[in-house]
Each structure stands twice: as structure tokens, then as C-alpha cells.
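Trainee: Could you work out the structure for the sequence below:
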Amino acid sequence: MTNTSSVTRRGFLHQAGLAAGTVAWTAKSYARVTGANDRIRIGFIGVGGMGSGHLGAIADLKEKNNLQPIAVADCWRKRAEDGAKKVGADKSFMDYRKVLDIDEIDYVTIASPEHWHSRMTIDAMDAGKAVYCEKPMTHTIPQGLAVLRKQQETGLPLQVGVQGMSDDSYESARQAIREGLLGQVVQAQIEYVRRYNQGPWRNPNLDESMPQPEGLDWQAWLGNAPQVDWNPHHYFEWRCYSAYSGGIATDLFIHRITRIMKACDLTYPRRVVGMGGIWQWPDGRDLPDNFEMICEYPRGMTVYVLGTMSNRVGIDHLIRGYRATMYFTGDGWVAKDKDGKILASHKKSGAEDIHLHHSNLHRHLREGEPLRCPAELGIAGVVAVNMANESWRSGRMMAWDTEKQEMVPAHTLDLPHTPQTDVAERA
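Mentor: Got it, this is the predicted structure:
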């Protein structure tokens, strides 16, 4: 990058993506890049539900962060048109590929149902776009590995929408744990509990006889999912069906276990068990309405995640070590020894906030600031929650085959019962 006068904004953004969330540009080297402070131009793919949250966040940040919304795509024309008006974009489409065809767009948000995440992300990177993809990064493990390969191949930035990573508590916890504050870490626990009246993600006011809305391309929405006739439950309540979602594990647990992964330097689990069932709402869903999972990691620790959807009483979010226990609070974290003496604490900056998560991506594009949730962290979460779901479906403990890079029944591998630091580092 010695010929700074010939470097375009697009070229800089691509080069900055090579940092992959790990290497920050220095202020001196950044200052030489022509056009690095140019306006960032954004496209939106999927603007119902969480997608409308992205529209609102970018509308709020537009002036402050020097952003320009360019185009909105949704397979329901009304949503696309309304979304474009909401964010001040000039173009709206039903085909997301038309957004990717616009050369001036620097990054796209992807907020489709999970079964579309991988295809849209790969297509976006093939079109030279950076990506902010909602969690989970992908619907399945093979899709996640394909996205990771594409990100590494292109060097384009990929921010995964686990917004809790914009709370610095977990980065701070990681540093403290690395420095030995807790001693040898052996266990962590966390939860995502709710209390539903109608069952997770069901809309009690949904009209089952509702006809397919005018201007909605149902076949485009289904994509590669099993072909079924128009069904309002599938469209509006897609998190209840495994063709489009992983349910509690992929929609909720991904938010929680990623926090523990960041704090404890975890990658892929060694063994995973998922338990639960359709215990309270047998309403046609094929994913559990109450769920929990236990992951065992090669470093020699377990992580427990509770997901009760029938009761909102939670459990402490904490990490247990031989020397001390770290408790996560609304303000950050506090570490106490076995007698309750406070050894250290951290008052958080940041929060679980979509505005902060987008702003982190903006600074990454302009300055090389490390991404809060890059692809490497995204795939680690995808692997864990998919192994839990497969364990639940099959009734078997699942394990990670490090050689084949796939999940397999645990009894098919000769797994040790001692820490495998070298395996953890390789993963």
C-alpha cells in the first residue's frame, strides 16, 4: 500500500478486512490511506423482525457515523419498500442479489431466517462486501465451516450479531483468567430463561387461515428448505421449525455460550449433551420448548446452559476456578475466593447493544479495530449449539472429531479424560 493515491475506498476496506478482527491498523499507517474516512454505504437483506432493528440502528447512527443506506431487500415487497423508507434508502428489491450487485455498497446486514445465512453471506463476500450477519452465523456446522473458509479466503470482515460481545466484561474476564485470577478453571454456568404463555415464538393472534400476502415470494423465502405450501406459522414463527432454525439453542443459547467462550478462550467442545423436550406446548413445533445443554471442552472444563421457557427464574452467570469464582453482574463482574473475599472486579463499558456492535464494525472498516464477534468466534458457537441439538434429536452424546472437522457420536471416538491443551489450541 505504498501508492496511496491509487488506493480506492473499496480497496482499503478489503485490505482492512485482512485484519480479520485480530490485527489493528496503527494510526500512522492508517493516515496514509486515501479515502479511509469516506462515508460507509450499507445494504440490508431481510428487514422483518430483527432486520427492522438494524434499520433503526443505522437510522440512529447515520449522521454520527457518516453512513449512507443504499438499498433494502426482502422477499415480501411491502417490507422491502417500508424498510427503504424507514432508513432513507433509495432502492428496494425482492431479490437480495440485486443489493449485492450495487458496487458502491461497502457492507450488508443479513437478518433472514437462519437457513439463509450461509448462502447470503457467501454470496455477499463473493460480491466483495463486508457482512454483518445475525446470529447464529449459520444454520448448520458444514455451512459454518464453508463461511469461515470464504471469510479467510476473501479477507472480508464478518461481524456476527452476538451483540453481547460489545460488552467488554468478557474480554476483561479473559485477560483476568489468563493472568491466573481464578486458578485452574473447571466449570461455568449461564442461562437464557423466559416464561411464555403460548409457547416459544408463537403468536396467539396469528390467523391460521391467513392467505399468502400479496407481494410475498414464498418460494424465495423457502430457498433450499423442504418445499411446503404457504403456511403462516412457518413464515411468522419459523423459530419453531428445524428446517429454518435451531430453536432455543441457536436463537438464545448462542448469546450466552459465546460469552463464556470469549472469557475462557474456548473453541470447539470435545463432547456435548442436549436435553429437554416438547414438554408443555405440543403445537406442531419440532424443536424443544424447554432445553438445556452441557459442553465439555478439551482444556478440561464444562459449561452448563439452562434454557427454561416456562419459568423466568434464572441462575447466576459464573465461572468456577480452583482459586476463585467469577460472577457476572449487571455492572460487569466480581471475583471472590472460597470465603467470599473479593479478589478483583470490573465495571463494564459497552453493553449488549446493536448500535455498539455496528459501530465496532464501522471502526474496523475505517481503523482496523478488532471485531467484537468475528467469524472464528461465530463458528465456535455454531458448533456447540448444533452438537447440543443433534444430541437431543438422536439421544446420543455428540463429540467433535478434530481430524474430520465434524460432529460424531461420542462413543465412536477414543476420547481422553484429561485436558488436551494442544487440541484446544489447534481448534
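
Trainee: Spit out the contact partners of the closest residue in space to residue 216 that isn't next to it in sequence.
Mentor: Spatially, and ignoring its direct neighbours in sequence, residue 216 is nearest to residue 76 (4.3 Å; Cβ to Cβ, 6 or more residues apart in numbering). Placement of C-beta: from N, CA and C, glycine included. By Cβ atoms under 8 Å, 6 or more residues apart in numbering, the residues touching residue 76 are 48, 94, 213, 215, 216, 217.

Trainee: Now restrict those residues to buried residues only.
Mentor: 48, 94, 216 (16 or more other Cβ atoms under 10 Å).

Trainee: In the sheet, which strands lie alongside the helix or strand harbouring residue 159, parallel or antiparallel?
Mentor: Using DSSP states H and E, the element containing residue 159 is strand 158-161. Strand pairing for strand 158-161, using DSSP bridges, gives strand 130-134 (parallel).

Trainee: Pull the residues that contact stretch 216-236.
Mentor: Residues external to stretch 216-236 that are found in contact with it (Cβ under 8 Å, 6+ apart): 75-77, 94-95, 113, 115-116, 119, 203, 206-208, 210-212, 240-241, 243-244, 284.

Trainee: So how do I select the buried members of those residues in ChimeraX?
Mentor: One line in ChimeraX is enough to select the buried members of these, burial here meaning 16+ other Cβ under 10 Å:
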select :75,76,77,94,113,115,116,119,240,241,243,244
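
Trainee: Among the contacts of stretch 216-236, which ones are in helices?
Mentor: 77, 119 (DSSP state H).

Trainee: ok, back up a step: between the buried ones among the contacts of residue 76, which is nearest residue 131?
Mentor: Sorting the buried ones among the contacts of residue 76 by distance to residue 131 puts residue 48 at the head of the list, at 18.7 Å, by Cβ to Cβ.

Trainee: In three-state terms, how would that closest one be classified?
Mentor: coil (DSSP: H, G, I helix; E, B strand; the rest coil).

Trainee: Tell me, what's the model's pLDDT at it?
Mentor: Note for residue 48: predicted pLDDT of 95.

Trainee: Check residue 421 too.
Mentor: According to the per-residue confidence, residue 421 scores 70 in pLDDT.

Trainee: With adjacent residues omitted, what lies nearest to it?
Mentor: The spatial neighbour of residue 421 that comes closest, neighbours along the chain excluded (Cβ to Cβ, 6+ apart), is residue 299 at 6.2 Å.

Trainee: which ones are touching the one you found?
Mentor: Contacts of residue 299 were listed using Cβ under 8 Å, 6+ apart, and they are 185, 264, 265, 266, 419, 420, 421, 424.

Trainee: Return the subset of these lying in strands.
Mentor: By the criterion of DSSP state E, membership of these in strands covers residue 185.

Trainee: Just the buried ones out of the contacts of residue 299, please.
Mentor: Among the contacts of residue 299, those scoring as buried are 185, 264, 266, 420, 424 (criterion: 16+ other Cβ under 10 Å).

Trainee: show me the contacts for the first one.
Mentor: Each residue near residue 185 by Cβ under 8 Å, 6+ apart is listed here: 177, 264, 299, 301, 319, 320, 321.

Trainee: Report the separation between the third one and residue 413.
Mentor: Right, residue 299. Spatial separation of residue 299 from residue 413 under the definition Cβ to Cβ, to the nearest Å is 17 Å.

Trainee: likewise the last one?
Mentor: Distance, residue 321 to residue 413, using Cβ to Cβ: 28 Å.

Trainee: Between those two, point out the one with more neighbours.
Mentor: Ranked by neighbour count (other Cβ atoms under 10 Å), residue 321 and residue 413 place residue 321 first, with 21 against 14.

Trainee: Run a quick neighbour tally on the nearest residue to the more buried one once chain neighbours are set aside.
Mentor: Leaving out its chain neighbours, the residue that sits closest to residue 321 by Cβ to Cβ, 6+ apart is residue 182, at 2.7 Å. Around residue 182 sit 23 other residues, with neighbours defined as other Cβ under 10 Å.

Trainee: swap in residue 154?
Mentor: 19.

Trainee: ok, the residue nearest to it when sequence neighbours are not counted - contacts?
Mentor: The shortest distance from residue 154 to any residue other than its chain neighbours is 4.8 Å, reached at residue 125 (Cβ to Cβ, 6+ apart). Listed by Cβ under 8 Å, 6+ apart, the contact set of residue 125 reads 131, 150, 151, 154, 156, 158.

Trainee: and those residues as a markdown table, adding pLDDT and distance to residue 391?
Mentor: Compiled in a markdown table, these are given as follows (pLDDT from 0 to 100; distance: Cβ to Cβ, whole Å):
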| residue | pLDDT | distance to residue 391 |
| --- | --- | --- |
| 131 | 98 | 30 |
| 150 | 98 | 28 |
| 151 | 98 | 28 |
| 154 | 98 | 33 |
| 156 | 98 | 33 |
| 158 | 98 | 27 |
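
Trainee: can you list the domains in this structure?
Mentor: 4-165, 168-199+245-349+374-426 (automatic domain parsing).

Trainee: can you give me the end-to-end distance of stretch 179-189?
Mentor: With Cα to Cα, to the nearest Å as the measure, the first residue of stretch 179-189 is 21 Å from its last.

Trainee: Now do the buried residues in that stretch.
Mentor: Across stretch 179-189, burial judged by 16+ other Cβ under 10 Å covers 181, 182, 185, 188, 189.

Trainee: What is the nearest of these to residue 105?
Mentor: Sorting the buried residues of stretch 179-189 by distance to residue 105 puts residue 188 at the head of the list, at 39.5 Å, by Cβ to Cβ.

Trainee: Can I take it that residue 255 is in a helix?
Mentor: Yes - assigned with three-state DSSP, residue 255 falls within a helix.

Trainee: That one - how many residues pack around it?
Mentor: 19.

Trainee: just to revisit the earlier point, any idea which of the buried ones among the contacts of residue 299 the model trusts least?
Mentor: Lowest pLDDT among these: residue 424, 39.

Trainee: Tell me where the stretch 251-400 of the chain has helices.
Mentor: Counting by DSSP state H, counting those that start in this stretch, the stretch 251-400 of the chain has helices at residues 254-264, 354-367, 375-394.

Trainee: got the contact list for the residue nearest to the spatial centre of the chain?
Mentor: With distances taken as Cα atoms, centre = their mean, the chain has residue 135 as the residue nearest its mean C-alpha position (2.9 Å). Residue 135 sits next to 160, 161, 162, 250, 251, 254, 255, 258, 378, 381 when contact means Cβ under 8 Å, 6+ apart.
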